[in-house]
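Engineer: Quick one: sequence and predicted model below, then my questions.
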Amino acid sequence: MDAPALFAAGAATGLLAGVTTCAAVQLGLLTGAIRDTERPSGPVAAFLTARLGAHTCLGAVLGMVGGAVQPGPRVRGALLALAAVALLLFALDLLGVRPVRRLLPRHGDTCHAPAAGAASAEVDRPSCHAAGSPGTAARPDGSAPSTRRPGGGSRWRPAALGAATVLLPCGLTLSAELMAVASRSPVGGAAVMAGFVIGGAPVFGLVGVALGRLRGRLTPLVAVALLAVAGWTLLSGLRLGGWMPAGGGGDTAVADASAVHVDASGRQIVTIWALDRGYRPAVVAARAGVPTVLVLRTADTRGHTRAFTIPSRDVDIVLPVNGDTRVDLGAPRAGRLNFVCASGHYPGSITFR
């Protein structure tokens, strides 16, 4: 594929990522970029520009040196766990939890004016404007002036957070990155990843501006949503890293043995369908100590499940939209082999007995 075709393919993938759960993974970073701003359009633009630059550079590197720089499932799981912590902190900050507000300083945005009759003002930082400084004149109605800068926050914070999105890939991001690897060209790889970011930019931009303008009225709702996404992101990270405790990942379901058969050569064949919203069957029972081949079957599958991950083997497998993909599992010992889509959303397991 030439660069324009790769760009178009990346843009289509990016648009899908922007309207699915991939966007939720990076919602905390976007929220942090617009925190304490009265005019969110500037920080959102900086966030998206840095996101474009970081992903384009990554695409060029992937196209040039190949998949050697692609982080494995456990690294991505750890990054998702860190992202969950960041989402939690942003949510608590929005709810006004004091220890968190001290941990996430305002970067010069906020001073608390004294309430009527108070002896002194509560000042968050020593660098708050002194009385009489430019920009702190009292309002005509006598209310305390706002000392938040129109742009809000640190000048570099939105750009830094936008660039950090490259560390939080979802399943569709992985698909775009593998297209960049397959291009075998820095220009082609950069085109794929640039298209991926630009394809999702309208959704990210609208969400960022809406959050910035409505957050004052919707702060509790946004905070609760972030808390929910934090928990879900942490669960995804634990699945992706293979750190789920025993009993997680759908093991309460009855294991299905109907997906298992033995071929003429005596090999055990385990067939699992990768659908757009999960794997079927998701829980399989098979014999241990027998040469086993896993067959992953797709039929017009375009969702996260095309990026199939076996955390314990540190393996990512990108499936075609249609067809069968065979994975040699050797002769597995008794135990459970967990699998999950590359974004950590859809888990499953094969129990060898």
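Structural biologist: Sure thing, it's come through.
Engineer: where does this protein dip in pLDDT?
Structural biologist: 1, 18-25, 36, 67-70, 100-154, 170-171, 214-218, 245-254 (pLDDT under 70).
Engineer: Leu48 - how many residues pack around it?
Structural biologist: 24 (other Cβ atoms under 10 Å). C-beta: built from backbone N, CA, C; applies to glycine.
Engineer: Which strand or helix spans it?
Structural biologist: helix 41-65 (DSSP states H and E).
Engineer: Check which helices and strands that helix is in contact with.
Structural biologist: When contacts are defined as 3 or more Cβ pairs under 8 Å, 6 or more residues apart in numbering; DSSP states H and E, helix 41-65 packs onto helix 27-33, helix 157-164, helix 171-183, helix 186-241.
Engineer: Would you pull up how far the last one lies from the middle of the chain?
Structural biologist: Spelled out, it's helix 186-241. 7 Å (Cα atoms, centre = their mean, to the nearest Å).
Engineer: and the angle from it to helix 41-65?
Structural biologist: 100 degrees (axes from the mean of the first three to the mean of the last three Cα atoms, to 10 degrees).
Engineer: The helix or strand following helix 186-241: which residues count as buried?
Structural biologist: Moving toward the C-terminus from helix 186-241, the next helix or strand (DSSP H and E) is strand 260-262. Across strand 260-262, burial judged by 16 or more other Cβ atoms under 10 Å covers Val260.
Engineer: Within the sheet, what are the partner strands of strand 260-262, with directions?
Structural biologist: strand 268-275 (antiparallel) (DSSP bridges).
Engineer: following the strand it pairs with, which helix or strand comes up?
Structural biologist: Next along from strand 268-275, by DSSP H and E: strand 278-280.
Engineer: Next, the buried residues of that next one.
Structural biologist: Gly278, Tyr279.
Engineer: and that strand, what other elements does it pack with?
Structural biologist: strand 268-275.
Engineer: just so I know, which of the helices and strands packed on helix 41-65 lies nearest Phe7?
Structural biologist: helix 186-241 (3.9 Å; Cβ to Cβ).
Engineer: quick one: the closest one to helix 171-183, angle?
Structural biologist: Going by the same axes, to 10 degrees, helix 186-241 makes 140 degrees with helix 171-183.
Engineer: ok, back up a step: can I get the helices and strands packed on helix 41-65 in CSV with mean neighbour count and distance to Arg326?
Structural biologist: Output for these, formatted as CSV (neighbours: other Cβ atoms under 10 Å; distance: least, Cβ to Cβ, whole Å):
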stretch, mean neighbour count, distance to Arg326
helix 27-33, 25, 37
helix 157-164, 22, 37
helix 171-183, 25, 18
helix 186-241, 20, 23
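Engineer: is it true that Trp273 touches Leu294?
Structural biologist: No. Contact criterion Cβ atoms under 8 Å: Trp273 and Leu294 do not qualify, at 12.0 Å.
Engineer: Of those two, which one has the most company?
Structural biologist: In terms of neighbours (other Cβ under 10 Å), Leu294 is the more surrounded of Trp273 and Leu294; the figures are 23 against 17.
Engineer: How far off centre is the helix or strand just after the helix holding Leu48?
Structural biologist: Sequence-wise, the next helix or strand beyond helix 41-65 is helix 73-94, with elements assigned using DSSP H and E. Relative to its chain's centre, helix 73-94 lies at 9 Å (Cα atoms, centre = their mean).
Engineer: Can you show me the CA trace of helix 73-94 as CSV?
Structural biologist: The C-alpha trace of helix 73-94 is given here as CSV (Å, rounded to 0.1, in the frame of the first residue of the first chain):
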residue,chain,number,x,y,z
PRO,A,73,1.1,-7.4,26.8
ARG,A,74,2.6,-7.1,30.2
VAL,A,75,4.1,-3.7,29.5
ARG,A,76,0.8,-2.5,28.2
GLY,A,77,-1.0,-3.9,31.1
ALA,A,78,1.3,-2.0,33.5
LEU,A,79,0.7,1.2,31.5
LEU,A,80,-3.1,0.7,31.7
ALA,A,81,-2.8,0.2,35.5
LEU,A,82,-0.9,3.5,35.7
ALA,A,83,-3.5,5.1,33.6
ALA,A,84,-6.2,3.9,36.0
VAL,A,85,-4.3,5.6,38.9
ALA,A,86,-4.2,8.8,36.8
LEU,A,87,-7.9,8.6,36.1
LEU,A,88,-8.6,8.1,39.8
LEU,A,89,-6.5,11.2,40.8
PHE,A,90,-8.2,13.4,38.2
ALA,A,91,-11.7,12.2,39.4
LEU,A,92,-10.8,12.9,43.0
ASP,A,93,-9.4,16.3,42.0
LEU,A,94,-12.7,17.2,40.3
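Engineer: rewinding a little: please find the angle between the direction vectors of the helix holding Leu48 and helix 157-164.
Structural biologist: 30 degrees.
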